[in-house]
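# Got a predicted structure here, sequence first:
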Amino acid sequence: MTDLLDFLRSPWPWYVGGPLIGLTVPLLLWLGNKSFGISSNLRHACAILLPESAKPGFFRYDWKKERWNLMFAGGLLLGGLVAGGLLANPEPTRLSAAAVQSVQDLGVTVRPGLVPAELTDLSNPGVWLLLAFSGLLVGFGTRYGGGCTSGHAITGLSTLQGPSLIATISFFGGGILSANFLLPLFMAVIR
């Protein structure tokens with residue numbers, strides 16, 4: 001049992017994790033004619049929780065047909081809890097010297113772990129502002145782009161959809177701009 005836990009706790013190489021994720025898309029399409037993506041669950045949750053009289057037209061549909069997607073999202077949460085609790089690797093994440101220098105150049109102090117303390121200090125109002133602004137941008141982008149990163153980058157690209165290619169390029173471009181311009185600006189403001 002210890003050997004199995006040690007195996008599960010160690011990082012899996014890209015050539016194992018990538019194909020496992022990649023096989024999810026054809027299996028969903030083949031077994032149930034379903035598309036992989038997670039952002040539509042927010043719409044499903046609103047359709048479930050809003051009273052019928054208060055629902056705008058966008059939320060008036062048969063959400064019960066999408067229960068599988070809600071179960072998938074629940075499985076992701078449960079899997080994250082299991083992986084983060086039972087299977088968490090006790091060793092701190094190691095970064096190369098070049099990666100540490102690159103992150104420090106952005107104004108972020110490198111400590112053990114992956115999430116910088118400056119960005120998770122909830123006693124700092126600036127962090128709340130960043131979280132709220134980021135959430136609004138992600139929500140707007142997901143709705144405006146017709147899907148999330150997993151929906152476009154995994155399902156959309158594998159089914160050769162042109163709009164998904166544009167969306168995925170935009171996600172990566174936005175991430176590069178945010179990490180190199182917005183993050184240093186934010187770090188200067190909260191200090």
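Yep, it's here. Numbers count the residues shown, from 1 in each chain.
# Would you mind finding the longest helix in this structure?
helix 125-145 (DSSP state H).
# how about the nearest residue to residue 28, chain neighbours excluded?
residue 34 (4.5 Å; CB to CB, 6 or more residues apart in numbering). C-beta coordinates here come from the backbone N, C-alpha and C atoms, glycine included.
# Likewise for residue 63?
residue 47 (4.2 Å).
# Three-state assignment for the residue nearest to residue 28, please.
When classified by DSSP: H, G, I helix; E, B strand; the rest coil, residue 34 comes out as coil.
# Next, the buried residues of stretch 100-114.
Under the neighbour-count criterion of 16 or more other CB atoms under 10 Å, stretch 100-114 has 103, 107, 108 buried.
# I misspoke; the intended subject was stretch 19-29.
24, 25, 28.
# In this protein, which residue sits furthest out from the middle?
residue 53 (32.5 Å; CA atoms, centre = their mean).
# From residue 46, how far off is that one?
With the distance defined as CB to CB, to the nearest Å, residue 53 ends up 14 Å from residue 46.
# on contacts alone, who are the packing partners of the longest helix of the chain?
helix 162-177, helix 183-190 (3 or more CB pairs under 8 Å, 6 or more residues apart in numbering; DSSP states H and E).
# of those, which approaches residue 72 most closely?
Distance to residue 72, taken as CB to CB, is lowest for helix 162-177 among the helices and strands packed on helix 125-145, at 19.1 Å.
# what does the closest one contact?
Applying CB atoms under 8 Å, 6 or more residues apart in numbering, the contact partners of helix 162-177 are 141, 145, 146, 147, 149, 151, 152, 153, 155, 156, 157.
# Using CSV, lay out these together with neighbour count, secondary structure and pLDDT.
Conversion of the contacts of helix 162-177 to CSV gives the following (neighbours: other CB atoms under 10 Å; DSSP: H, G, I helix; E, B strand; the rest coil; pLDDT from 0 to 100):
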residue, neighbour count, secondary structure, pLDDT
141, 17, helix, 81
145, 19, helix, 81
146, 15, coil, 82
147, 22, coil, 82
149, 20, helix, 82
151, 20, helix, 82
152, 25, helix, 87
153, 19, helix, 85
155, 21, helix, 82
156, 25, helix, 85
157, 14, helix, 85
